[in-house]
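K.L.:
After the sequence you'll find the predicted model.
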Amino acid sequence: WNDALEKYCDSVCLTGSRRKAVIDLHKASPFAPCANMNCNKVETKVKQFDRCSRCLAVGYCSPACQREDYPSHKEACSKRGVR
């Protein structure tokens, strides 16, 4: 994916800070961010964060972040169903 992103930037002649902004926004990484949108932590090891035990679709850096995000996550989690 990252190679294709570089080629895209070349094809549309993106350079400098605009190119960097596009690449930073869209580059692929094996490290997931905390699912709590108020948190800016990112995994430093693959699969480091604990997943929601109900849906397993999102990960949180701490139990506190999971509790804070629960009101937002609750509806999406219940639509995925219990595993």
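P.N.:
Great, that's in hand. Numbers count the residues shown, from 1 in each chain.

K.L.:
Could you use CA atoms for every contact and neighbour count after this?
P.N.:
OK.

K.L.:
Name the residues of the longest helix seen in the chain that are buried.
P.N.:
Across the chain, the longest stretch assigned as helix under DSSP state H is helix 63-80. The neighbour-count check on helix 63-80 (16 or more other CA atoms under 10 Å) flags 65-66, 69, 73, 77 as buried.

K.L.:
Point out the least confident member of those residues, please.
P.N.:
Across those, the bottom pLDDT score, 87, is held by residue 77.

K.L.:
List the contacts of that residue.
P.N.:
54-55 (CA atoms under 8 Å, 6 or more residues apart in numbering).

K.L.:
redo that, cut-off 7 Å
P.N.:
residue 55 (CA atoms under 7 Å, 6 or more residues apart in numbering).

K.L.:
Next one: it relative to residue 53, how far apart?
P.N.:
According to CA to CA, to the nearest Å, residue 77 and residue 53 sit 10 Å apart.
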